[in-house]
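>>> The following block contains a protein sequence and its predicted model.
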Amino acid sequence: KTVLFISVLDKFHEFKGLDRLLMAMVDVVKEVPKAKLIVGGEGDLLSRYKKMATSVGLESHAEFLGYVPEDEIARLYNRCDLFVLPSISASQETFGMVLLEAMACARPVVSTEIVGVAEEVKQHGAGLIVQSRDERALAGAIIKLLKDEDLRLRMGAAGRTLAKRKYSWSQVALKTEALYEGLIKEE
């Protein structure tokens with residue numbers, strides 16, 4: 001039962017909420033003892049997060065991979081059961097590209113309401129959205145998905161459909177072209 005989190009692990013990216021996820025995982029492993037958090041990313045806070053995981057009793061339930069080469073990231077998404085982005089700052093977290101990457105790999109996502117794509121995740125049933133800074137709600141959403149394989153598969157498929165239909169390169173190119181055409185017409 002693998003939960004994935006990927007980010008740069010430095011002061012600038014603390015708003016991604018890894019500390020909240022580590023605290024939520026304490027409750028997750030009580031309910032789902034085989035749950036494991038995989039953390040991809042490097043930065044000057046990596047040792048702090050490792051120490052935090054140990055201090056809350058997650059040493060056998062958290063694995064820190066460090067730097068993950070770009071060509072390995074899709075493999076990580078494809079091997080996890082779900083992806084989590086527990087961002088805590090609306091002024092810093094904008095879109096949430098990692099959620100799209102996970103959905104493109106047909107993985108359900110758990111995120112907070114402040115992430116730009118959160119409303120679409122909710123509308124399309126591609127994952128579960130919780131209030132930021134609510135570790136209990138975060139843990140509950142993770143537990144719900146880890147315990148319900150059918151729900152994970154349905155949400156993963158919905159996310160894949162959303163990513164392909166709205167965010168594929170061909171769709172982005174069409175939207176960009178339409179934007180430019182609109183700007184030309186305004187002149």
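Nice, I can see it. Keep in mind the model is a prediction, meaning the values are calculated, not measured.

>>> all helices of the chain, in order?
Here the chain has its helices, by DSSP state H, at 18-31, 46-55, 70-79, 97-104, 118-124, 135-147, 149-167, 169-186.

>>> hey, which of those is tucked in deepest?
Greatest average neighbour count among those goes to helix 97-104 (a mean of 23), per mean count of other Cβ atoms under 10 Å. In short, each C-beta sits where N, CA and C put it, glycine included.

>>> Give me the contact list for it.
4, 6-7, 73-74, 77, 80, 82-83, 85, 109, 111, 115, 117, 121, 126-127, 156, 159-160, 162-164, 167 (Cβ atoms under 8 Å, 6 or more residues apart in numbering).

>>> where does this structure dip in pLDDT?
Across the chain, the ranges flagged by pLDDT under 70 are 90-95, 168-175, 186-187.

>>> please redo it, this time with the cut-off set to 50
For the chain, no stretch has pLDDT under 50.

>>> Which one of the helices of the chain lies nearest to residue 89?
When the helices of the chain are compared by Cβ to Cβ, helix 18-31 sits nearest residue 89, at 11.4 Å.

>>> tell me how far that closest one is from the chain's mean position?
Centroid separation between helix 18-31 and its chain, computed with Cα atoms, centre = their mean, to the nearest Å, is 15 Å.

>>> Show me what it packs onto, helices and strands only.
The contact analysis (3 or more Cβ pairs under 8 Å, 6 or more residues apart in numbering; DSSP states H and E) places helix 18-31 against strand 2-6, strand 36-40, helix 46-55, helix 135-147.

>>> what about the longest one, distance to the chain center?
The chain centre lies 13 Å from the centre of helix 135-147; the measure is Cα atoms, centre = their mean.

>>> The second one now?
Centroid separation between strand 36-40 and its chain, computed with Cα atoms, centre = their mean, is 11 Å.

>>> Columns distance to residue 38 on top of the helices of the chain, output as TSV?
Putting those into TSV (distance: least, Cβ to Cβ, whole Å) gives the following:
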stretch	distance to residue 38
helix 18-31	11
helix 46-55	12
helix 70-79	7
helix 97-104	12
helix 118-124	21
helix 135-147	13
helix 149-167	16
helix 169-186	27
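
>>> circling back to that earlier point, dump the helices and strands packed on helix 18-31 into JSON lines; add distance to residue 177 as well.
JSON lines is the format used below for the helices and strands packed on helix 18-31 (distance: least, Cβ to Cβ, whole Å):
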{"stretch": "strand 2-6", "distance to residue 177": "31"}
{"stretch": "strand 36-40", "distance to residue 177": "34"}
{"stretch": "helix 46-55", "distance to residue 177": "41"}
{"stretch": "helix 135-147", "distance to residue 177": "37"}
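
>>> Endpoints of stretch 118-129, how far apart?
Start-to-end span of stretch 118-129 (Cα to Cα, to the nearest Å) is 7 Å.
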